[in-house]
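> Just a sequence and a predicted model for now, questions to come.
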Amino acid sequence: MPTNLASGAEYDTVGSKRWVWPAFAVPGVVWLILLFLVPFYAIFAVSMGQVDPILQRVRPEWNPIYWDPAVFGEAFADLFGGQLGVIALRTLAYVFIASIICVLIGYPVAYYVSRKAGRWRWLWLLLILAPFWINYLMRMMSWVNLLSPDGQVNSWLTTIAGWFSMDFNPPNWLAGYHLVVILGLVYGYIPFFVLPLFAALDRIDSATLEASRDLGASSAQTFWRVTWPLSRNGVLGGLVIIMLPMFGDYYTPNLLSGSPRTRMLGNTIDQFINQTTSQGALGAALTIILMLFVAGLMVYYLVTINKSAREARE
Amino acid sequence: MSARNRFFSNPWGKPRFLPLVTALYVIWSIVPVAIAIRFSFNAGRSRSVWQGFSTRWYVGTPEAAESVLYDASLRAALLQSVKLAVLTMLVAAPLGVALAIGLARWRGALAKPANILMLVPLVTPEIVMGVALFLVFDNLYDFVPFGTWAQFLGHVTFSISFVVIIVRGRLFAIGRDYEEAAMDLGASQFQAMRRVLLPLLAPALLASFAIVFAISIDDFVISQFLIAGADTVTIPVKLYSGARLAPPPSLNALATLLMVTTIGAVVIAGLLFRALGKRGGEGGSALESVANFEM
């Protein structure tokens, strides 16, 4: 943090009026209170409300004194032992596997582009940045094209099978394969993992690595004992950035399978909120549970980062 | 020769594996999209068999009503996306710039909570924000109709924080020396702001417009949660609802147009950042923080 702003207090005596700076912030802050904080509260109000017996829709309870957490009991009962539990476990498994694949593919890519790409580095960087600015839904739609029953993947596979005169029965890849959804998640989110990791690797001073080599470490030792520890926070940061949206994803499984076999937590929330009116409270409760879970991840990340920052200072 | 160049000319590791993985990764990440773009120019109806080049899915005849230009639902999606992005840009960028200036310099007790309130939307999963906005418009702000109005309010809400991040980097780089000099020379605080700070901030402000346009036109979740019927469908929502229905290549054409628009906006923002960088700013780090959170 630059220090030239740290002494703001003294400027306020030079001629600035004290109320000016908060006045600049007020419109934005009010906007965020009305359209971020209050909506956030609305999730709680709806989840703790009652279903109107006549209209069959949720009546939110805005006063916390009358909050009725019954729906959370229902949600937890379903989470631990019901259909929802299966969906939650599946979501965890999908996100976990997709994240591991992202690390396995993303780390070498980020490492190469940041440290070994030489004079074509700018081109590589441009290419790994390209997916950022192509709409997520377009990227998924491209795979729907490729994987549809009469799509290119099946025609390539048929051609290859033809070379070996094998009998090939083209499957419908979009009919509910776990692997297709997981690879879809990897495809969708991996750019968001690669970029922060690239930034972290790029920040490592080459002199540190040279020192390690000069002191007799092999290149493998240098990697494991210098580069990897220095990039670990970048990996963690990248993982947080991709896991937050992945846990709430519903469009990827919907587009690439649409089958109940690949339902994720986000699909259930989408269904309860967007497609039915009487389940709004349950949808809101699930959103809160998801939010707390994701906030837990975030806190873990921040604690780890702070700890390593403290260790670095000592 | 800098240390880094020496490092590159003498790579110690085994470099064969890394370029291969990187090349495969790049091919894998770009080829599916390239194929989708190619088929938007297909002369036939198929999205998997190439039947020659044509622009019929972009500008085909009004009689056939099958191109983006003449298919009512595709054109409506395009217009809705552009309308939302422009409205969002016009409101979110000034709001965000003011908030960035305020937060960077406000020293009161409430400054810290305000700063946290600005940061939290960046780490909130979109589905949570979508549910929150849907429920609040459904139950509390029922004077706001679903559709364009609700979508616009939602888009501004998630855009503000990005603007603050972009502008804040620039503000820290500028510091307060120039303004202080202006005030020493007799300018009032507002004159200093208008004649010194604003011109210095101009590139960041323009870049914010472009970035907000890009992230608004790219948004799917918020637009979908706040939709009201077919005439408020945006391009991403149209791609989502149409992709599985064996659509003609006009859907690919629509997606391609979205891509070109987004990249155009981002290139403009990038050029502005570069202009800014030459004047000694910290544009790169702002772009990076946008990229880090962009979804």
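Arrived safely, thanks for sending.
> May I ask you to confirm that residue B:76 is in contact with residue B:233?
Yes: judged on CB atoms under 8 Å, residue B:76 makes contact with residue B:233 at a distance of 6.8 Å. For the C-beta atoms, the positions are set from N, CA and C on the backbone; glycine is no exception.
> What residues does residue A:202 make contact with?
A:114-115 (CB atoms under 8 Å, 6 or more residues apart in numbering or on different chains).
> Report the contact partners of the residue nearest to residue A:23 when sequence neighbours are not counted.
Excluding its sequence neighbours, the residue lying closest to residue A:23 (CB to CB, 6 or more residues apart in numbering or on different chains) is residue B:102, at 7.2 Å. Residues in contact with residue B:102 (CB under 8 Å, 6+ apart) are A:21-26, A:28-29, B:114.
> Over to residue B:254?
The contact partners of residue B:254, taken as CB under 8 Å, 6+ apart, are B:68, B:74, B:77-78, B:235, B:238-239.
> What strand or helix carries it?
Residue B:254 is part of helix B:250-278 when elements are defined by DSSP states H and E.
> Longest helix in the chain, by number of residues?
Here I'm looking at chain A. Ranked by residue count under DSSP state H, the longest helix found in chain A is helix A:280-313.
> my question was about chain B
helix B:72-105.
> for that helix, which positions count as buried?
Applying a neighbour-count criterion of 16 or more other CB atoms under 10 Å in any protein chain shown, one finds B:74, B:76-78, B:80-82, B:84-85, B:87-89, B:91-105 buried in helix B:72-105.
> Then stretch A:99-119?
For stretch A:99-119, by 16+ other CB under 10 Å, it's A:99, A:101-103, A:105-117.
> tell me, which of those residues make contact with chain B?
Residues of the buried residues of stretch A:99-119 in contact with chain B (CB under 8 Å from any CB of the partner chain): A:105, A:108-109, A:111-113, A:115-117.
> Same list (those) but as a markdown table, adding pLDDT.
A markdown table is the format used below for those (pLDDT from 0 to 100):
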| residue | pLDDT |
| --- | --- |
| A:105 | 94 |
| A:108 | 93 |
| A:109 | 93 |
| A:111 | 91 |
| A:112 | 91 |
| A:113 | 91 |
| A:115 | 82 |
| A:116 | 80 |
| A:117 | 78 |
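> Among those, which are located in helices?
Applying DSSP H to those, the entries found in helices are A:105, A:108-109, A:111.
> circling back to that earlier point, and the contacts of residue B:102, which is closest to residue A:280?
Set against residue A:280, the nearest of the contacts of residue B:102 by CB to CB is residue A:29 (29.0 Å).
> Quick check: what element follows the helix or strand containing the closest one along the chain?
Here residue A:29 sits within helix A:20-32, counting by DSSP H and E. Going down the chain from helix A:20-32, the next helix or strand is helix A:38-47, by DSSP H and E.
> Paired strands for the helix or strand just after that next one, with orientation please.
Next along the chain after helix A:38-47, taking DSSP H and E as the criterion, comes strand A:50-51. Strand A:50-51 has its sheet partners listed here by DSSP bridges as strand A:58-59 (antiparallel).
> Which neighbouring elements make contact with the helix holding residue A:29?
Secondary-structure packing of helix A:20-32 (3 or more CB pairs under 8 Å, 6 or more residues apart in numbering or on different chains; DSSP states H and E): helix B:72-105, helix B:111-119, helix B:148-174.
> Could you dump those helices into a markdown table with distance to residue B:56 and mean pLDDT added?
Below are these laid out as a markdown table (distance: least, CB to CB, whole Å; pLDDT from 0 to 100):
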| stretch | distance to residue B:56 | mean pLDDT |
| --- | --- | --- |
| helix B:72-105 | 13 | 92 |
| helix B:111-119 | 47 | 89 |
| helix B:148-174 | 30 | 91 |
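> so how far is residue A:89 from residue A:30?
Residue A:30 sits 42 Å away from residue A:89, taking CB to CB, to the nearest Å as the criterion.
> low-confidence ranges in the chain?
Using chain A. Residue ranges of chain A with pLDDT under 70: A:1-17, A:277.
> You answered for a different chain; I wanted chain B.
In chain B (pLDDT under 70), the answer is B:1-15, B:276-295.
> how's it carved up into domains?
Domain ranges of chain B: B:1-36, B:71-293, per automatic domain parsing.
> need the residues of the stretch 201-314 of chain A near chain B, please.
Listed as neighbours of chain B in the stretch 201-314 of chain A under the rule CB under 8 Å from any CB: A:206-207, A:209-210, A:213, A:219, A:222-223, A:237, A:241, A:244-245, A:247-251, A:254-255, A:258, A:266, A:269-270, A:273-274, A:280, A:283-284, A:287, A:290-291, A:294, A:298.
> Can I have the buried ones of those as a PyMOL selection?
Selecting only the buried entries of these in PyMOL, with 16+ other CB under 10 Å as the criterion:
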select buried, chain A and resi 209+210+222+223+237+241+244+245+247+248+249+250+251+254+255+266+269+270+273+280+283+284+287+290+291+294+298
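> Just the ones of the residues of the stretch 201-314 of chain A next to chain B in helices?
Per DSSP H, those map to helices at A:206-207, A:209-210, A:213, A:219, A:222, A:237, A:241, A:244-245, A:247, A:251, A:254-255, A:266, A:269-270, A:280, A:283-284, A:287, A:290-291, A:294, A:298.
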